[in-house]
Structure formats: structure tokens, C-alpha cells
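[1] coordinates for the following, if possible.
(2 chains)
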2 protein chains.
Amino acid sequence: MSPFAVDKRDIQFCLFEYLNLLDFCKTTEKFSAFDRETIEMSIDTMIKVATDKIAPLNTVMDREGLRFEGGKVTTPKGYKEAYRAVCENGLSAPGKSAELGGGGLPHAAMTAIVEIMASASVAFTMTPGLSSAAGEVIEAYGTEELKKLYVEKLYTGQWAGTMCLTESSAGSAVGDLKTKAKRQGDHYLIEGEKIFISSGEHDLTENIIHLVLARIEGAPKGIKGVSLFVVPKFLPAGGKPGAKNNVVCGNIEHKMGIKGSPTCTMIFGGDGPCQGWLIGEENQGINYMFRMMNEARIGVGLQGLATSAASYQEALQYARDRVQGVDIKDMKDVNAPRVAIIQHPDVRRNLLSMKAFVEGARALLYSTAHFSELALHHPDETERQNYQNLVELLTPICKAYCSDQGFRMTELGVQIFGGYGYCQEYPQEQYCRDAKIASIYEGTNGIQALDLLGRKVSGKGGLMFMTFLMRMNGFINDNQGHPALGPYVAKLEAARDALTGVVMRFQQAGMEGDMYYPVLNATPFLDLFGTIVFAYLLEDMAVKADAALQKLYAQAGAKTDEAKAKLVAEHPEARYYDGKLHSMRHFVETNLPHAQATCQAILAADKSPLTINFG
Amino acid sequence: MSPFAVDKRDIQFCLFEYLNLLDFCKTTEKFSAFDRETIEMSIDTMIKVATDKIAPLNTVMDREGLRFEGGKVTTPKGYKEAYRAVCENGLSAPGKSAELGGGGLPHAAMTAIVEIMASASVAFTMTPGLSSAAGEVIEAYGTEELKKLYVEKLYTGQWAGTMCLTESSAGSAVGDLKTKAKRQGDHYLIEGEKIFISSGEHDLTENIIHLVLARIEGAPKGIKGVSLFVVPKFLPAGGKPGAKNNVVCGNIEHKMGIKGSPTCTMIFGGDGPCQGWLIGEENQGINYMFRMMNEARIGVGLQGLATSAASYQEALQYARDRVQGVDIKDMKDVNAPRVAIIQHPDVRRNLLSMKAFVEGARALLYSTAHFSELALHHPDETERQNYQNLVELLTPICKAYCSDQGFRMTELGVQIFGGYGYCQEYPQEQYCRDAKIASIYEGTNGIQALDLLGRKVSGKGGLMFMTFLMRMNGFINDNQGHPALGPYVAKLEAARDALTGVVMRFQQAGMEGDMYYPVLNATPFLDLFGTIVFAYLLEDMAVKADAALQKLYAQAGAKTDEAKAKLVAEHPEARYYDGKLHSMRHFVETNLPHAQATCQAILAADKSPLTINFG
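    All right, here's what the predicted structure looks like:
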């Protein structure tokens, strides 16, 4: 097993060269104190904590798992220490309000921090991630009193938070939930059972604050009668955990992966009164929860990126070290030197597929996080609206495309290790198991696809989709004559036309009252859309990388192919930029034809899945 | 968890309606004793043993795993009983020579038996599978004495067998192996260490017979100096295990899945003389081993089928039972009835994708098994050669396409179960973990792709590939005017043209001395070729299913769409045939465009993975 590795250079590129984060900080008062040094310091601290404390814990969490006994969850040795290190270094809520205990970082930089943490261990990130998201919901919608009681505790990680939506017969159908709330004075009594509650119970913090969706007595049926409550494990008393509230953990799940994350059945008011406090207004619960969920969905996409980034780094190192077989040109020479497997074309193809995905996902997730900040802080109101539209459109793609493809990448990681990939002695099989959850939780990827098509592409009269298209069109128009990248831009343009063709066909079906045809194709549509978004981002970055590379060539006076290759071999910066161009070319040539194929399959409009009689 | 289920109807279709196995039996002396009743009796016995003994054990094997202590492997409770039940019912070597203790079944029927066993537990099938394959190698190439000593014991499962190829620095590069053999009188002394030896040690049988690849002192370097040896754990004495040979198990692997299969490090002659007996001639080891390996590769493909068949059956049942959400047309009606998730289009699409794969894989694997028999028993020498060519061409597709896609199908199974899919309470996550190994062992799928391209498509001057093309062309010519299926045949024809275009381009590159371009694209090539083979087989079956369905419609006097739908709803046979047509349509419309896209990507000839400098 190689030491924990992070591609810090690509993170820097994304933040400082691609998103121009420093310009944004300079021109945005809230972030004017941040410069490259302060942001890099946070990143370096995260890398250090991840390397020293979290990464070594990842296998331990998987093998030892969590102990559940008498309603209590015990974490394995080292877990608390790692958690404390994260909190003490101010990394538990890196993007939340600094005045309330958060790190105050711009969203894109926060995303980098969380990526690094999740690369070291996806399971580990769950508790701080949920705590900071719960804090944000209370900060945004809670009363002053609730804010004072909880937000700082949650941002500093002193207390932990959860998000309680799912019930045994209300998973994807949240509106069917049965948990009840009954008004009693200034608070409510909560009664019901929630399942699949991540970090519902553990020994990492002295208190756990549950955000619980429940239906107030007499409220309407369905999602419009759902309210959101703060339900603490211990009622706060003088800033400390006071009396025990009646919320207990009934069990934890045994799972395929992320075994270090307690997935709990939580029983509220099962054995005495369980007190909860309303957040915001009655029956608005799902809207508040969506603030938490949208962030959580980008966070789940980030898990797809983080796991595959870790898998890629391990695979790259392994492929360099592991000697087996000979170069194919020497296949018949028994005396030919044995080579590292990184020389085998099939291994190189897998590695480059992983690299391209990781870079595309990083660009998408950091961009979306950055857009969510521009939606708040851009000086121009129209631009703020544009960025908000982009965030809404891209969120399901972040979540579903990055998680599905991220899982695929861990599969390639397993494959590069051969037989060892399947053995627990090496980390690849765990990455694969850990990655699978991301396609499921925070709304299965099937639900994300419905969200993309039903709420986002069709929403606001198509405005969100048009905002994205106009942005991509701008890129295409600016670069179709690019000397090196023009042919790739042309392929993107063709894919865009296929995409809009499919969207128009869906609209037509909608006008004809046929909802089943678009819904049947929602998942393939998300997949092809995600592919096009990745191609666009990789090309957009490639334009910048190419400019930087040309500059390096010019500086070195490298004019021939030979001189350029020599510079790439010797100069890490030239190699980095040249590698970005390779990622783009490989992704565009390999994946865009499949986006086109999916369009073609959708337009063929076969309805077999609807018409088959399964008996 | 649903009771263990097998799609016996589709197995019957494959054997009796698609492959016309009974006609073959009637006209082939060796099998003239078999009729539908005798073959079905074997299948029913296998279903019963699988249901009663093996399937209940599958989770136990996964959770308890195997115990390794003092060189001994202990299997969990119930394992020996299940193994005994298989042997006692004559199911341990169902396709091997009846006169030597095998079941004597035709290969296609044997494949059905093994599919059912592997559906109940992939891990379980490893020991009987390896034993019967080892027996066959000895039967085919061993001396009379070796045959007498071992074959019947192996076929009846009284003793178990293994296949010892891999060493720590000779996995994909078998020719690099270091295990030595030194002649001593009538036998050899074996010295070396093998890893990843399935069933290398266990407590299921009183003796274990290892087939070991080793290099005789003074033999040439590389694969041409490798010989094959029989190395028993106990030297046979009067038909019983006698003196202990010096072969020990050093360790077992902890794996992602198939935890009920001991994966052993085997040390030969580490601590005293280890005796082995040469099989056949010196330096011919790899050729003999290939007989075992080819069967094993089809067997691994079968694991891909079996796991996804089990995953599909569970998912289908779950989707029928699990109620959640409302029909999409009622999305805004809070009082709409809740429906089983099988009504949701996204779930139906996933189910039909699984069904289509399972049926395509079954057709491919049963066909290839059947062709291997026709290659031996067809009265016409040219036809025997044709069938042999088909078997050789299709073997890497059986192994790699079925295992890669089979893994994908278990992913869909997980997804259909939502959060429960990730929990060990339900079987889906285990199917997913168990399925992953099939892409790796018996030659990674990267190696299969090189085999397909380098040895099979290019081999014998292209004869194997041409044999397949001519067969598929025959189907296309016969059916392009088919009233219902013509348009699908046309799509297959277009895909065939794309396939041949790619092959011609590879040949051109070969003539120009560019080996890297085809080798770089070997894996995508296998994938697209596999897709086309599946489309062809599903269409070929659909022609037969359509004829049967039209007959049922006519018998029932069903002429309108309504009357036909009613018949399909009420009549299980009509529903079955109609379902076959749906499988074909869905696969062709969804997957053939991607085969075309892969061709396009290959022809674009991007060489980024070769030119990138990974540093």
C-alpha cells in the first residue's frame, strides 16, 4: 500500500488557474482576507491531518467496523483522535461562517478540503459533513435562540449533526413519512422511526443534534405537510449537554462499505416524550431540508471524485512499481527485460481514463461550489441569478454522474491491481465497496435523473438549461478556431446539438401528454448530459493548459516535437499541462461518441421496458 | 430475501428450442440415451440441491468465511453437507465421461447445471469445477496409470483438484514462472511457491490433486519450457490417500467476495521432497493447461451469468413486493394509491436490462459449450473444424464480456434495492462483491482482449473470425425481410459492417508494423464485439420466439393488439415468448448504438494513453 497521495498540483490549477479564485477573493469583501498563502495553508493542513490521522484509520474502520451495544455505537481506536485533529485544526466546517466557528473559506476551497478528507476516508467525512450542513440550516432558517444554542457547536465539531428523512416506507417518496409532531408550548413532541441515519449515534461528540422531518398533527398529506425540527440527543443547558431527550438508536446497518460510518435506525419518542423545536415555518420542512440536501448532493458527488482520486493515485504508484511481462514489441523474446506494468497499453488506457475522470469531476464540483458562491456574492443581480441557475442544473449531475462514474473508476483501479485488486491486503477493493453507496444515498441516482429532467431542464420554462447552454456556447464560439483544440471543440458542438435534439424531443412528448417516454429515459439522459459537461470542462481547462504549455515551450525555446517532449519529460510544470491535454483528448475521443450513441438510443424511442409484462 | 429462484423456462428454451439439443442427442451415439426427461431430471435435481443446501450456505460462507490455522482450512458448518449432496447426486462433474464417474451429460446441459449451482453460490462451485477440469486434463493427456489413480476420484468429487499457475511475479506473464521440477526416477521433485490457488487447501475431501506448472531443470526459458505435473496432497495408495506429500498451504487471502472459496498460497517442496508426475510430454504444459483453462474461462463467464441471474431474480421479486411512491401520472395527487416499484419506469428499465443480459449470456455460454461438443461429434469434418473455430473465437468473449457486464448487472440489482441494496441484510451487495472476481481470474479481462485480438481474430489467417462472420451473415441474410424483426436485423447488419471496418483497420496497422494501436484498443474491441454477439444471439432467439408466439396467437384466435395483450397477460407461455422479444428489442436499441460508438472511437485512433508522460 502506497502512502496517502493527493494531486495538489491539479487542485491548485482548478482553484487558481481555472476558477481564478484569488481574483474573486480580492473583489469580494467577505473573502478579501484570503490570499494564495492562507488558502494553501488550509489545504496543507488538511493534507497533513489526512495523511497522519485519517488515511491510516480507513482500513481499520473497514476491518474492525463499529460496535453496537445497548443503544451505543463505539468507534474503533484512533477514530476519536482523528476527529479531534480535524476539529482542532478548524477543518470540521471549512466553508461555514467564520464568526460562528466555521473556517470561512470560499466554497471552492472548502470543496478542495473536503475532497482531500474524503480521499483519505469517505466514511470519516460523514460526521463533520453532516454537522456543518445541519449548522447551516439552523443558521439560515432557525430562530436567534436556536442559532445561539447550536450553530457554533456544530461548526466547531464539538457537537455533531444529522439529517433524518428516510423511513422504512418513505425513502425516495419522502412525502409519505409517518413521523408525527404535536405542539406542546414552545416546542413539539416528536414520535416516529427513521432509518438509514448516518452518524445517528456515535461516541465522537458529547451531543448529537438531529434535524428531523415530521408532520405536525393536522398538516396536509404529502410533502406539503412536512416540517423540520431540531431534536437534540441531550437538551442544551448552559452550553452543555443537559437532560437526555427521548431519542435512541435501535440498530446499525451492516453494509458493503463505508463501515466506519454508523448508519442508524433512530427512534424518536418511543419510550417517553421526545422534544423538538420547529425550524422556520410549519410545512416548509422540505424547502429547508433541500438547502442541506443540495449541499449534501454535491458532497456525495465529491465522494465519487475523492474515492476515484485515491484509487487513481494508488493505481498509478502500483503501475510504476509492479514489474510484470515485457513490452509488447518484445513479446516473442524470452530474454527481453521485464517492465513495469505502466508500460502496458491496457494499463495506460485505464490510468488515463481514471485521470481524465478525476480532473473532470474536480472541475465540475469545484465550479459548482464556486457558482453557488457567485450566486450569493456576484455584484450583478442577473449574474447572481445565472449562477444560481447553473448550480441548480448541475447539482444532480454532480451527484449522480460523479458517483456512477466514480464507482467505475474504482473498478478500473481494482483491475490494474489484477488479483491483488480483489484482496484486502491492498486498498482497491475497499475503494470499490466504499464508492458504491454514493449512487444510492441523498436520493438514488434514479431520483437525481428525474430531478434533472423534471425540475431542472424543464424547470423555470427551460431557463436553467438555457443558462448552461449559453455558457457552453460561449466557450464553443470562442474556441472553435483554436489551432490545437479546434477539432475537439467541433466534437463538443456536435454533441451539444444531439443533446438539444433530445431535449426538444422530450418537450414535444411533454406537450403531447406522454410523460412516460422522458421519464423512462431520464437516467440515460443524465449520463449523456454528464458526459458532455465533462467534455466541456476538460476542453475549457485544456485551453488554459495549452496556453501555459505554449508559454513554457517558448521560454525554453522548444520548437521541435523532440525538444517539446524533452521539456515535458524534464520539467514537471510542462508535464502537468501536457497531461491535462492528454486527459481532454482521451475523454473526448472515448466518451463523446457514447453520448451521441445514447442520444440515438433515446430518439429511437423504444418502449420495451414499459410494455413488457413481467408477470 | 426471496427464496432461491431459477428461470427454468429460459433454460429449457435455450437447450431444447434454441440449440435443439434433443435432435443432437438422437443423432449422436454417445448421447443417444438422453431424452428430455433424463436431462430435465438432472436440472431438477440440481435446482433442489441448490435450493435446499447451497443457496442457504451462500450468506454463511460470506459472513463466517473460512478459518485458516496451522496450514489447515476449515469451512463453515453446512459446507461439507452441501458438497456431499452435490457429489451424491452425481452433480460434481455433470459433463464428464460417465464411465469414469462423471455425469456424461452433453456440454450444454452440463452448462445449465453449473449455472444453477453458481447462481446459488459462485464460491461453492469452485471446488467441483476445478476437480472436474483437472480430471479431464488427466483423462486427456495423462498415462493410463495416472488416469486410473485420479480421474474417477476427481469426477465423483471424492478427491478435489486445483490448477496451479500463478506465482507472485508471474501472473499474466505465466512464462516467467520459477517453480522447478527435477527428474527423479519415474517422477519429479517439485519446488516452488504458487499464489491465488483456488481450493488449494480445504476440509471438503480426503485428498487434493494439484495440477502444477513448473520448469524442468534445463528446459528453455519462457512459456515453451513449462511442463505440467500431477502433485497429490497425499500419495495414492490402494485407492486411498497414503503418505503425505510435501505440499502445504502457507496462507489464504482475505477477499472482497467469494469468501467461501479458499484462495491459497501453496508451497511445494518447501520442507522436504514434493513428488510430482509429468502429464504428457515435457515442455507442453501450457497446451495441456489451456484445455483446462478454456473450460475454466467459459466457466468464469458462466459465473457472470449466474450471479446476474440470481441478482435479477431477487430484484424482480423485490420490485414486485416493495411498495413505494405513486405512478408518475399521479405524481401530484397525494391520495393516489401507492404502487409496487416495478411500476416505476426507471426500475423497469433496469430490470429489462438485466433480463436481456441474462438471456444473451445464457445463449452465448450454452451455445459455446454446445459448439465445443459439435467440434468433437459432428459427423462432418469441415463442420467440426468450423465449430472448433467458433469455440476458440467466442471463449474470450464468454469470459470477459459476461464477467464485465455481469458485474454491471449486479450493480443494477443493488440500485433496484435502494438503500437496502447496500445492506448485508439483503443479498444484492454480496452478488456485486462475488461477481467482481470474474473479471480478474483465469486471465484478467485485459488478457482476454489480447487473446481475442491477437490469437483469435488474427489467428489462422483470420479463419476463426470469418467462420463467425459467415454464421452471423447467414442469419442476417435469412432474416432481413422478417416482418417483425427486419429492422433489428438491419441494425445488426450495420453494426457488423462497423466491426469488420475496425478489424480491417487493425490488420492495416499490423501490416504497417504498428502493434500498439490494436493492442491499445483490444479491451474496447472485445466490448463492442461482445455487444454485437449478444445482439445477434438475442435476435436469433427472437426469431424462434416470435414464431412460437404467432402460433399461440393463432391458436387463441387473438388478432387485435388488445386480444394479444390479453393472451400475454393470461398465458404464461405467450408471456414468456413476448418477454424474449422485449429483451431483444431493448438490448438492440440500447446497446448497439454503443457498439457503433466504440468503433468510431477506435477509428479516431487517439493515442493519448501511449503518448502521455505519467512522470
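
[2] give me every residue that touches the residue of the stretch 101-250 of chain A at minimum distance from chain B.
    Using Cβ to the nearest Cβ, the closest approach of the stretch 101-250 of chain A to chain B is made by A:G222 at 3.5 Å. (Each C-beta comes from the backbone N, C-alpha and C, glycine too.) When contacts are counted by Cβ atoms under 8 Å, 6 or more residues apart in numbering or on different chains, A:G222 is found next to A:G175, A:D176, B:V334.

[3] repeat for A:L394
    Residues in contact with A:L394, defined by Cβ under 8 Å, 6+ apart, are A:L364, A:S367, A:T368, A:F371, A:F468, A:V533.

[4] in chain A, which spans are strands?
    If DSSP state E is used as the criterion, the strands of chain A fall at A:67-69, A:72-74, A:160-164, A:180-184, A:187-198, A:208-216, A:226-232, A:234-237, A:240-244, A:247-252, A:263-268, A:275-278.

[5] re the thing from before, most neighbours among the contacts of A:G222, which one?
    Counting neighbours by other Cβ atoms under 10 Å in any protein chain shown, the top entry in these is A:D176, with 20 neighbours.

[6] list the residues that contact that one.
    A:D176 sits next to A:E167, A:S169, A:A170, A:G222, B:Q324, B:G325, B:R338 when contact means Cβ under 8 Å, 6+ apart.

[7] need the residues you listed in CSV with pLDDT, can you?
    Below are the contacts of A:D176 laid out as CSV (pLDDT from 0 to 100):
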residue, pLDDT
A:E167, 95
A:S169, 84
A:A170, 84
A:G222, 93
B:Q324, 92
B:G325, 92
B:R338, 94
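
[8] those, buried ones only, as a PyMOL selection?
    Selecting the buried subset of the contacts of A:D176 in PyMOL, with 16 or more other Cβ atoms under 10 Å in any protein chain shown as the burial test, is done by:
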select buried, (chain A and resi 167+170+222) or (chain B and resi 324+325)
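
[9] beta partners of the residue lying closest to A:F229 once chain neighbours are set aside?
    If the residues on either side of it in the chain are set aside, A:F229 comes closest to A:G276, at 3.5 Å by Cβ to Cβ, 6 or more residues apart in numbering or on different chains. In this structure, A:G276 has the following beta-bridge partners (DSSP bridges): A:Y188.

[10] so which bits of the lowest-mean-pLDDT helix or strand in chain A are buried?
    Counting by mean pLDDT, DSSP states H and E, the weakest-scoring helix or strand in chain A turns out to be helix A:285-321, with a mean of 94. In terms of neighbour count (16+ other Cβ under 10 Å), helix A:285-321 has its buried residues at A:285-286, A:288-289, A:292-316, A:318-320.

[11] A:D203 contacts A:V73, correct?
    Yes. Distance between A:D203 and A:V73: 6.5 Å, which falls inside the contact criterion (Cβ atoms under 8 Å).

[12] those two: which has the busier surroundings?
    More neighbours surround A:V73 than the other of A:D203 and A:V73, with 18 against 15 (other Cβ under 10 Å).

[13] need the contact list for the more buried one.
    Under the criterion of Cβ under 8 Å, 6+ apart, the contact list for A:V73 reads A:L66, A:R67, A:E201, A:H202, A:D203, A:C249, A:I252, A:P262, A:C264.

[14] assess the claim that A:P593 and B:A601 are in contact.
    Yes. Counting by Cβ under 8 Å, B:A601 is a contact partner of A:P593 at 4.9 Å.
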